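In: pasting the sequence and the predicted coordinates here, then a few questions.
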Amino acid sequence: MYFNIRSRISHATRSLQRARAMSSLAAGSLLPGSRWDYRIVETLTVRDATTHASTIFKASVIPRENTINAPQWAIIKTASHGDATATENLNREAQSYLLPGVASATCFRQLYDVVDKDTLALEWLDTTLQENQYQPDTRSYVLIKAVLEAALRSCVILGDQKYVNTDYKPANILLSGIETGNITAKVGDLGLVFPAGHRVKAQPYAMRAPEVFLGQACAEPSQVWAVAATVLCWVMPGVLGVHDCPHFLINEAWCMAKIKRLFPDWNLPSPEEVDGLVLQGAVQTARRISEEEPEFQATPPFEEETQKVEMPQQLRELLRLMLVPDPSRRPSASSVLASSEFQALDKLVTV
């Protein structure tokens, strides 16, 4: 009886503390969690805001009595008050960790606490792929191998449950230990994980698979393209996507034209072969841009274009293996991990 009353009082106290903390997460605020508590250290600037509507805080973890193996730091992610989309994405991220295999997998950032419907506590990692610059050296090659392995393994786990992550991009690849040589790479931000085949017009422009531009829903092969495009765009910024696009109204056509120039074997359909006036206009414009714009005429196919930056042939061949425009011929994530091309890159960085 006494224990039940004390437990209820303790729970009510933590709920009140949580409500007060959430009203103003200033530096020094204490946020009660279910496993341990979190002391807010600072608000972090999110540089990539294309799909990110959350506010991010760094927090120190305050262990409770008899706590074992508590981490030193955590990320607190909150949805802005009244922002229904941000709240929906945050809830979807929490639900993604309930998919079999996700919470226990080392390729995903750990979820520590669902503090409330607008707040998550997650594993802290030092930096992101976006915040680092590619250099043609062993450090970058080791980093790329770690990134590809983590991202592809995450594709396999989600694919086994018939789900896809539609938001692979350099800002969502989280890293630690890059200065030590003992690199940890993990996939973060699972707020745009959906059942395979249910989400159209998905993926960031630079990482969007050709079939998704053509109106197909994002499926398991689309993830493989996005992972490869994430690395390619880190090595060669602007090679895909809307970089240098003169007007937002032709964003999709511009992106498709870039893919067509890099991969001439892509069967970019004629307007008569696709449905909808908007898509018909986009493919017509893409065909014109790829065939007539001078700067696109100067863009050679993938094998030649990637010679403009120094990279090992093993990496070039692995990316080309993954960047197959036809999704029916694109290898699965598990096939890429087992491929001779991936093994060659692994051998390069472990010698």
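Out: Noted; the coordinates are in hand. Numbering: from 1, shown residues only.

In: tell me which residues in the helix or strand encompassing A151 are buried?
Out: If you go by DSSP states H and E, A151 is part of helix 138-160. By 16 or more other Cβ atoms under 10 Å, the buried positions in helix 138-160 come out as 140-159. All C-beta atoms are positioned from the backbone trio N, CA, C, and that covers glycine.

In: which residues of this structure score low on pLDDT?
Out: 1-24, 45-53 (pLDDT under 70).

In: strands of that one, start to end?
Out: Listed in chain order, the strands of the chain (DSSP state E) span 30-32, 37-44, 54-62, 73-79, 111-116, 119-123, 127-128, 163-165, 173-176, 184-187, 193-195.

In: got a markdown table for those strands, with distance to L315 and mean neighbour count too?
Out: Formatted as a markdown table, those follow (distance: least, Cβ to Cβ, whole Å; neighbours: other Cβ atoms under 10 Å):
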| stretch | distance to L315 | mean neighbour count |
| --- | --- | --- |
| strand 30-32 | 42 | 20 |
| strand 37-44 | 31 | 17 |
| strand 54-62 | 31 | 18 |
| strand 73-79 | 30 | 23 |
| strand 111-116 | 32 | 19 |
| strand 119-123 | 28 | 23 |
| strand 127-128 | 20 | 16 |
| strand 163-165 | 22 | 26 |
| strand 173-176 | 16 | 22 |
| strand 184-187 | 15 | 22 |
| strand 193-195 | 27 | 18 |
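
In: and those strands: which comes nearest P100?
Out: strand 163-165 (10.3 Å; Cβ to Cβ).

In: what's in contact with that closest one?
Out: 96, 99, 154-155, 158, 187, 190, 192-196, 199, 218-220, 222-223 (Cβ atoms under 8 Å, 6 or more residues apart in numbering).

In: before we move on, the earlier item: P269: which of the strands of the chain is closest?
Out: strand 163-165 (23.1 Å).

In: just give me how far that closest one sits from the chain centre.
Out: 11 Å (Cα atoms, centre = their mean, to the nearest Å).

In: start at 245, not 1
Out: All set: I'll call the first residue 245, so the last point we hit is now strand 407-409.

In: that strand pairs with which strands?
Out: Strand 407-409 has its sheet partners listed here by DSSP bridges as strand 437-439 (antiparallel).

In: how about the strands of the chain in CSV, adding distance to N335?
Out: Output for the strands of the chain, formatted as CSV (distance: least, Cβ to Cβ, whole Å):
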stretch, distance to N335
strand 274-276, 18
strand 281-288, 19
strand 298-306, 12
strand 317-323, 9
strand 355-360, 9
strand 363-367, 9
strand 371-372, 23
strand 407-409, 15
strand 417-420, 21
strand 428-431, 19
strand 437-439, 12
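
In: A542 is nearest to which of the ones you listed?
Out: The nearest among the strands of the chain, by Cβ to Cβ, is strand 417-420 at 30.5 Å.

In: just checking, what packs against the closest one?
Out: Here strand 417-420 touches strand 371-372, helix 382-404, strand 428-431, going by 3 or more Cβ pairs under 8 Å, 6 or more residues apart in numbering; DSSP states H and E.

In: columns distance to A314 on top of those, output as TSV?
Out: Compiled in TSV, the helices and strands packed on strand 417-420 are given as follows (distance: least, Cβ to Cβ, whole Å):
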stretch	distance to A314
strand 371-372	22
helix 382-404	24
strand 428-431	18
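
In: select, out of the ones you listed, the one closest to L334.
Out: L334 lies closest to strand 428-431 among those, at 16.6 Å (Cβ to Cβ).

In: what does that closest one contact?
Out: Contacts of strand 428-431 (Cβ under 8 Å, 6+ apart): 350-353, 367, 369, 373, 387, 390-391, 393-395, 398, 409, 412, 416-421.

In: same question for stretch 437-451.
Out: By Cβ under 8 Å, 6+ apart, the list of residues contacting stretch 437-451 reads 294-295, 336-337, 340, 343, 402-403, 406-413, 436, 452-453, 456, 459-464, 466, 469-470, 473-474, 477, 484-487, 495-496, 499.

In: number of nearby residues for Q541?
Out: Other residues near Q541 come to 11 when the count uses other Cβ atoms under 10 Å.

In: got the domain boundaries for the protein?
Out: The record's domain parsing of the chain by automatic domain parsing lists 246-367, 371-594.

In: and those domains, which is most packed in?
Out: Among these, ranked by average contacts under mean count of other Cβ atoms under 10 Å, first place goes to domain 371-594 (a mean of 18).

In: off-centre distance for it?
Out: On the basis of Cα atoms, centre = their mean, domain 371-594 sits 11 Å off its chain's mean C-alpha point.

In: what about it, how long is it end to end?
Out: End-to-end distance for domain 371-594, by Cα to Cα, to the nearest Å: 23 Å.

In: cool, stretch 569-577 as well?
Out: Note: stretch 569-577 ends 15 Å apart using Cα to Cα.

In: what's the helix holding A395 packed up against?
Out: Packing partners of helix 382-404 (3+ Cβ pairs under 8 Å, 6+ apart): strand 407-409, strand 417-420, strand 428-431, helix 464-479, helix 557-566, helix 577-581, helix 584-594.
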